[in-house]
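A.B. asks: sequence and predicted structure are below.
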There are 2 protein chains.
Amino acid sequence: MSEAAKSCLIQKLSHYVTLDQTSLENLAELERDERIFKRQDEVYQGGERNANLYVVKRGWLYSYTDLMDGRRQIVEIHHPGDIVGFPDIAFHETTTVLRAAEDVCLCPFPKVALKKVFRDAQQLSALLFTLSIRNQVILIDFLRAMGRMSARERIAYLVLDMLARLRIANKSVTDTFNLPLNQTEISDILGLTNVYVSRSFTALEKEGLIERYNGTIRILQEARLAEMCDFFDRHSDLDTAWFPASNT
Amino acid sequence: MSEAAKSCLIQKLSHYVTLDQTSLENLAELERDERIFKRQDEVYQGGERNANLYVVKRGWLYSYTDLMDGRRQIVEIHHPGDIVGFPDIAFHETTTVLRAAEDVCLCPFPKVALKKVFRDAQQLSALLFTLSIRNQVILIDFLRAMGRMSARERIAYLVLDMLARLRIANKSVTDTFNLPLNQTEISDILGLTNVYVSRSFTALEKEGLIERYNGTIRILQEARLAEMCDFFDRHSDLDTAWFPASNT
DNA sequence: CGCGTAGTTGAGACCATTCAAAGAGAGTGG
DNA sequence: CCACTCTCTTTGAATGGTCTCAACTACGCG
């Protein structure tokens, strides 16, 4: 795997701050192992006593929870360069199920590896903390979308959010991206039904706001979409000024 | 203010881990100043360049955002002993508005004070990190409620969550608590309308699940409420085993 | 070709909303 | 003590956005 010369985790983190030597060494340890999962595989179930976190090397995944009667809610989508599992380190058991949306490659590492990070790598600690908080803000934005937006507005929000995330990782992304989720999965993200996702997508398309060819989304009128769902990009900008001085 | 002999922040944190000397000293610095705000006062607006965080000493507050057309979503409720403003330290500008639900007392401290915490107090850093992540899980639970639950189920979820939070801070809380929010505010938490909150509350009361006397909620059938909204208490239990060793 | 999965479309039902009005307290001033 | 206002809650009736159920279409694959 020589394309890992520069891992996408390091690449993503470097977008926000120049990593010092200690941080780089600690990060390298998190990406030592590798495991492959196939589309629809479940990496872990909810309620497991599993104590691993995962760096995403390749492919999309998502975390979801079920209600007892089968209703499902997808609560986060994971892209290459993300660290998966933070929400679970605060608890003894995993709170969600992690599933591969397509074929993926993950680097598992034990929860206790963070102990070393927090002891030795202050810069990296602060960065991980900040990113975890950024995630929280993104969740809050989603909460707002779920609580107060119509189906069409939510879909607008989702595609803009995805586009913003992909642009961080890959500067060449402009207005088109591949969406490896079916409409049932999208409905479970947005708190809708697959039927209504279909109707809403069709409506957006008829208005000339987006275009679709099997699995690919093209944003035609980004500004109008952003306006209809009051979108704000949380991905590009991060305040790192309060970080402790890096130890070289 | 001599009841601050043991602050409710320290009390709350001590619930999860025995704080070492360094942690205690750092915490004391965060609670040096005090400011009073009156019911409905806005501590800060969204989009401000404000770089303060706040420890809640007394009273409830909440953070909310508005959509452009006036729709509102309350995204977090803050109780005594909480630190308010974490979601904003990742960004240059505040992302939400902070409003006092009743008369409150806050301890403001600057964002950069965290720099010292992360440099000197590893135990406290890890704890703050963990609590921030716990918050994220709580948000995820709420997201699930918003996406997949009916109005009555959401209200059940809200009151059970509040009860669980209050029990951490005050062991004497059993089945009754004061709710200093009106139905419009509750509807803005749950993504409903004030009218439907009223109807749903009345329905729950008629079924004998809860009772209300002006502003006070009493849980009559906690088990049945928990079952109808698949409630899980995230407040009582936290995994601190991975924390770095405390420096005495 | 047949099969399975995913997306589309239609009709009817339902949960929650909107708009409107009435009732219940709490506080104020005369 | 009463009239008045203000805020909050409750209730009714009509509307509407989204869901449910079901059938149909499109596509990829063995």
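C.D. replies: That came through fine. Residues are numbered from 1 along each chain as shown, chains lettered A, B, ... in the order given.

A.B. asks: C-alpha from now on. contacts and neighbour counts both.
C.D. replies: Noted.

A.B. asks: starting at the chain centroid, how far to the helix or strand hosting A:Pro87?
C.D. replies: Element membership of A:Pro87 [criterion: DSSP states H and E] is helix A:86-89. Once both centres are worked out by CA atoms, centre = their mean, to the nearest Å, helix A:86-89 turns out to sit 14 Å from its chain's centre.

A.B. asks: so what strands line up beside the next helix or strand after it?
C.D. replies: Scanning forward in sequence from helix A:86-89 by DSSP H and E, the next helix or strand is strand A:97-100. Listed by DSSP bridges, the sheet partners of strand A:97-100 and their directions read strand A:42-44 (antiparallel), strand A:61-66 (antiparallel).

A.B. asks: what is the mean pLDDT for the first one?
C.D. replies: Computed over strand A:42-44, the mean pLDDT rounds to 91.

A.B. asks: mind checking how far that strand is from the chain centre?
C.D. replies: Using CA atoms, centre = their mean, the offset of strand A:42-44 from its chain centre is 16 Å.

A.B. asks: in it, what's buried?
C.D. replies: Neighbour-count burial for strand A:42-44, with 16 or more other CA atoms under 10 Å in any protein chain shown as criterion, is recorded at A:Glu42, A:Val43, A:Tyr44.

A.B. asks: list the contacts of the last one.
C.D. replies: Right, the one you point to is A:Tyr44. In this structure, A:Tyr44 makes contact with A:Asn50, A:Val97, A:Leu98, A:Arg99, judged by CA atoms under 8 Å, 6 or more residues apart in numbering or on different chains.

A.B. asks: swap the cut-off to 7 Å and go again
C.D. replies: A:Val97, A:Leu98 (CA atoms under 7 Å, 6 or more residues apart in numbering or on different chains).

A.B. asks: what residues are bridge-paired with it?
C.D. replies: When bridges are taken as DSSP bridges, the partners of A:Tyr44 come out as A:Leu98.

A.B. asks: about what we covered before: now for the helix holding A:Pro87, which elements pack on it?
C.D. replies: helix B:122-148 (3 or more CA pairs under 7 Å, 6 or more residues apart in numbering or on different chains; DSSP states H and E).

A.B. asks: residue nearest the middle of chain A, spatially speaking?
C.D. replies: A:His78 (3.4 Å; CA atoms, centre = their mean).

A.B. asks: please tell me how far that one sits from A:Ala100.
C.D. replies: As judged by CA to CA, to the nearest Å, A:His78 and A:Ala100 stand 9 Å apart.

A.B. asks: quickly list what's touching both of those two.
C.D. replies: Overlap between the neighbourhoods of A:His78 and A:Ala100 consists of A:Trp60, A:Leu61, A:Tyr62, taking contacts as CA under 7 Å, 6+ apart.

A.B. asks: just the pLDDT for the first one.
C.D. replies: This means A:Trp60. Reported pLDDT for A:Trp60: 96.

A.B. asks: ok, it - contacts?
C.D. replies: If a contact means CA under 7 Å, 6+ apart, then A:Trp60 has A:His78, A:His79, A:Pro80, A:Ala100, A:Ala101, A:Glu102, A:Val104 as its contacts.

A.B. asks: mind doing that once more with 8 Å?
C.D. replies: A:Trp60 is in contact with A:Ile77, A:His78, A:His79, A:Pro80, A:Ala100, A:Ala101, A:Glu102, A:Asp103, A:Val104, A:Pro180, counting by CA under 8 Å, 6+ apart.

A.B. asks: now for those residues, which pair is the farthest apart?
C.D. replies: Maximum pairwise distance among the contacts of A:Trp60 (CA to CA): 14.4 Å, between A:Ile77 and A:Asp103.

A.B. asks: who has more neighbours out of those two?
C.D. replies: Set side by side, A:Ile77 and A:Asp103 give different neighbour counts by other CA atoms under 10 Å in any protein chain shown, the larger being at A:Ile77 (18 against 15).

A.B. asks: which of the three states applies to that one?
C.D. replies: Three-state assignment for A:Ile77 (DSSP: H, G, I helix; E, B strand; the rest coil): strand.

A.B. asks: then A:Phe109?
C.D. replies: In terms of secondary structure, A:Phe109 is strand; the call rests on three-state DSSP.

A.B. asks: and chain A, which of its residues are near DNA strand D?
C.D. replies: Counting by CA under 7 Å from any atom of the strand, the residues of chain A close to DNA strand D are A:Met149, A:Ser150, A:Ala151, A:Arg152, A:Gly191, A:Leu192, A:Thr193, A:Val195, A:Tyr196, A:Val197.

A.B. asks: now the shared contacts of A:His78 and A:Ala100 as a markdown table including distance to B:Leu166?
C.D. replies: Converted to a markdown table, those look like this (distance: CA to CA, whole Å):
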| residue | distance to B:Leu166 |
| --- | --- |
| A:Trp60 | 38 |
| A:Leu61 | 36 |
| A:Tyr62 | 32 |
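
A.B. asks: of all these, which comes closest to B:Val117?
C.D. replies: Ranking those by separation from B:Val117, with CA to CA as the measure, puts A:Tyr62 on top at 33.3 Å.

A.B. asks: residues near that closest one, how many?
C.D. replies: Considering only other CA under 10 Å, A:Tyr62 is surrounded by 23 other residues.

A.B. asks: same question, A:Ser150
C.D. replies: Neighbour count of A:Ser150, defined by other CA under 10 Å: 14.

A.B. asks: distance of it from A:Glu207?
C.D. replies: Using CA to CA, one gets 16 Å for the distance from A:Ser150 to A:Glu207.

A.B. asks: next one: A:Val97
C.D. replies: Applying CA to CA, the value for A:Val97 to A:Glu207 is 36 Å.

A.B. asks: and for A:Asn214?
C.D. replies: When CA to CA is the yardstick, A:Asn214 and A:Glu207 sit 19 Å from each other.

A.B. asks: one more: A:Arg224?
C.D. replies: A:Arg224 sits 11 Å away from A:Glu207, taking CA to CA as the criterion.

A.B. asks: and for A:Leu192?
C.D. replies: Distance, A:Leu192 to A:Glu207, by CA to CA: 21 Å.

A.B. asks: give the contact list for the residue nearest to A:Gly191 when sequence neighbours are not counted.
C.D. replies: For A:Gly191, the nearest residue in space outside its immediate sequence neighbours is B:Gly147; the separation is 4.0 Å by CA to CA, 6 or more residues apart in numbering or on different chains. Under the criterion of CA under 8 Å, 6+ apart, the neighbours of B:Gly147 are A:Gln73, A:Met146, A:Gly147, A:Leu190, A:Gly191, A:Leu192.
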